[in-house]
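In: got a predicted structure plus its sequence, pasted below:
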2 protein chains.
Amino acid sequence: MKIGDAAAESNLSVKTVRYYADTGLVTPGRSESGYREYDATTVQKLRFVARARGFGFSVAECRELLSLYEDDGRASADVKRIAEAKIEALDRKLAELHELRDELSRVAMACAGDERAQCPILDRFAEI
Amino acid sequence: MKIGDAAAESNLSVKTVRYYADTGLVTPGRSESGYREYDATTVQKLRFVARARGFGFSVAECRELLSLYEDDGRASADVKRIAEAKIEALDRKLAELHELRDELSRVAMACAGDERAQCPILDRFAEI
DNA sequence: ATAGAGGTTCCAGTGAGGGGAGACTTAAAT
DNA sequence: ATTTAAGTCTCCCCTCACTGGAACCTCTAT
């Protein structure tokens, strides 16, 4: 199957699928005329990567997960370690964003939001 | 004051301060020899931007906030609107990350994490 | 006089693609 | 059989907010 169908079947854009081939994440064949040719296995890998990306894994992490996926001799512990590191990273990010959100919310609440110039939000950013 | 001191006083890197000058976010003067010259007002603007960036605002948003900060005739409503839009964006991001975190956590919990190949995490990504 | 610290410009790269040009191939409609 | 439309190819520039480095210049201290 050609790239357009492979993209549709994996819920990725054609540009993204081409990018994944360019960076060696998947290796489609080539037709005589030079078109990339995707077989079922390769499309399945694309889908795998699309889902892992959706879970917040970087392309580099997807590469690692994909090689474990392809490795019959893998240990599930290796996969779990990657997932747990990602969960911890998500927790850190969540805590940071939450704190930001709360302080911004506090400051915004104190702002009258009228036609006057006085503004606690700007004051907070300008704080000496 | 020269760029190194301005950077130190605003908790930014020299590279960042130069970038902000290149993109017109702040406009330092120039000494005869060509060095950027930062006065107190300009350093204060750098500090303002550094804090706003720390709150998650993009440089473009900082530009907008900075122009309100400099505008004596501003209405605090304009600032509040920007802040509330950012809070809503943060809420959306938080909800998304939280959902991700929880599902990843559920899936990881189901993984034995041993030397066997069977892995619910990979299964989840490979799901048909 | 010279060493070193700090300044200048410009170029390249990051992650993960998106947009578009110009050339080519393929599939469908006439 | 021909034409047209859609799809694909490579290539290059753009994003965001910087960071790193090279080559060169200026200032200060010894």
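Out: That came in fine, so what should we check first? Numbering: from 1, shown residues only, chains lettered A, B, ... in the order given.
In: list the residues that contact residue A:28.
Out: A:3, A:6, A:21, A:36, A:37, A:38, A:39, A:42 (CB atoms under 8 Å, 6 or more residues apart in numbering or on different chains). Any C-beta I mention is one placed from the backbone N, CA and C, and that applies to glycine too.
In: of the residues you listed, buried ones?
Out: Among the contacts of residue A:28, the ones that count as buried by 16 or more other CB atoms under 10 Å in any protein chain shown are A:3, A:6, A:21, A:36, A:38, A:42.
In: now, which of those residues lie within helices?
Out: A:3, A:6, A:21, A:42 (DSSP state H).
In: out of the residues you listed, which is nearest to chain B?
Out: residue A:42 (13.5 Å; CB to the nearest CB).
In: quick check: which element contains residue A:128?
Out: For residue A:128, there is no host helix or strand (DSSP states H and E).
In: what's the spacing between it and residue B:40?
Out: As for residue A:128, its distance to residue B:40 is 11 Å (criterion: CB to CB, to the nearest Å).
In: what's the end-to-end length of stretch A:107-120?
Out: Using CA to CA, to the nearest Å, the end-to-end distance of stretch A:107-120 comes out at 6 Å.
In: so what touches it?
Out: A:121, A:124, B:68, B:71-77, B:79-81, B:83-84, B:87.
In: circling back to that earlier point, distance to DNA strand C and pLDDT added to the contacts of residue A:28, as TSV?
Out: Output for the contacts of residue A:28, formatted as TSV (distance: CB to the nearest atom of the strand, whole Å; pLDDT from 0 to 100):
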residue	distance to DNA strand C	pLDDT
A:3	12	98
A:6	14	98
A:21	11	97
A:36	12	98
A:37	11	98
A:38	14	98
A:39	16	97
A:42	16	98
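In: what about residue A:128 and residue B:40, which has more around it?
Out: The neighbour comparison of residue A:128 against residue B:40 (other CB atoms under 10 Å in any protein chain shown) goes to residue B:40, with 9 against 4.
In: show the pLDDT at the more buried one.
Out: Note on residue B:40: pLDDT of 97.
In: how close does it sit to DNA strand D?
Out: 19 Å (CB to the nearest atom of the strand, to the nearest Å).
In: need the contact list for that residue.
Out: Applying CB under 8 Å, 6+ apart, no residues contact residue B:40.
In: what's the answer for residue A:52, then?
Out: Per CB under 8 Å, 6+ apart, neighbours of residue A:52: A:61, A:62, A:65, A:66, B:125.
In: just checking, which of those belong to helices?
Out: Short answer: the contacts of residue A:52 in helices (DSSP H) are A:61, A:62, A:65, A:66, B:125.
In: pLDDT on stretch A:43-54, on average?
Out: The model assigns stretch A:43-54 a mean pLDDT of 98.
In: and it, does that touch DNA strand C?
Out: Yes - residues of stretch A:43-54 contacting DNA strand C under CB under 7 Å from any atom of the strand: residue A:53.
In: can you give me the angle the lengthiest helix in chain A makes with helix B:76-109?
Out: Longest helix of chain A, by residue count under DSSP H: helix A:76-109. With axes from the mean of the first three to the mean of the last three CA atoms, to 10 degrees as the basis, helix A:76-109 and helix B:76-109 are set at 160 degrees to each other.
In: among the ones in helices among the contacts of residue A:52, which pair sits farthest apart?
Out: A:61 and B:125 (11.3 Å; CB to CB).
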